[in-house]
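>>> Structure of the sequence below:
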Amino acid sequence: MNTKKLTTLALYATLSLAVYAAESALPPLAPIPGLKLGLANIVTQILLRRGSPKDASLVLAVRILLSALLFGQAMSLLYSLAGGFLSLLVMWPVNRLLSGKYAPLTGAMGGLAHNVGQLATALIVTATPGVLSYLPFLAPAGILTGLFTGLCAQLADRYLPRRPL
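Take a look at the predicted model:
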């Protein structure tokens, strides 16, 4: 990896972490544990549109590790990794299938996958099937927040300068 690409990805990781920190300071959207907009996902979606899945994975991993270190607990790291990477694994083929268009749809699928990944992790960690009772609440919330972050990514991508990574 050349220095320019490394610097660019570091800037994306910094932006993602700053957005995550700002969102962490906001009050919860609803009284459902774990429900938030996921604004840092905007950066992941922009990288999927402009870079490669490898670039997006690297920035996502850095953001998750640093956010857990700076703002979270050890357990939040596990949930964030599961949700974040399942989301990325779903958004990547959806983004390719849609030729980079319809970012809100890509975001919606990613938001849903994120919640499924976190619930699957909770099921494995707690061995309590009752955690799946959150799915009817988290699934529509993940879709709606994903639509929003996808729209934000599409609009932001329109105004960012076109430079290769």
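>>> what about this protein, any weak spots by pLDDT?
Where the chain drops to pLDDT under 70, the residues are 164.
>>> What sits closest to residue 15 if chain neighbours are left out?
Closest residue in space to residue 15, ignoring its immediate chain neighbours: residue 43 at 5.6 Å, by Cβ to Cβ, 6 or more residues apart in numbering. Just so you know, the C-beta spots here come from the backbone N, C-alpha and C atoms, and that holds for glycine as well.
>>> give the contact list for the one you found.
Neighbouring residues of residue 43 by Cβ atoms under 8 Å, 6 or more residues apart in numbering: 12, 15, 16, 19, 59, 63.
>>> Residue 75 versus that one, what's the distance?
24 Å (Cβ to Cβ, to the nearest Å).
>>> With residue 5 instead?
Taking Cβ to Cβ as the measure, residue 5 falls 33 Å from residue 75.
>>> what do you get for residue 106?
Relative to residue 75, residue 106 is positioned 29 Å away (Cβ to Cβ).
>>> out of these two, which sits in the busier spot?
residue 106 (29 against 12; other Cβ atoms under 10 Å).
>>> Run through the residues that contact that one.
Residues counted as contacts of residue 106 (Cβ under 8 Å, 6+ apart) are 45, 48, 91, 94, 95, 98, 150.
>>> So what does it look like in phi/psi?
Phi and psi for residue 106, reported as degrees, to the nearest 10, are phi -60, psi -40.
>>> hmm, who's touching stretch 85-97?
By Cβ under 8 Å, 6+ apart, the surrounding residues in contact with stretch 85-97 are 41, 44-45, 48-49, 53, 56-57, 60, 103, 105-107, 109-114, 116-117, 120.
>>> what's the answer for stretch 113-121, then?
In contact with stretch 113-121 (Cβ under 8 Å, 6+ apart) are residues 34, 38, 41, 78-79, 82-87, 89-91, 131-132, 134-135, 138-139, 141-142, 146.
>>> Many thanks, I have nothing further to ask.
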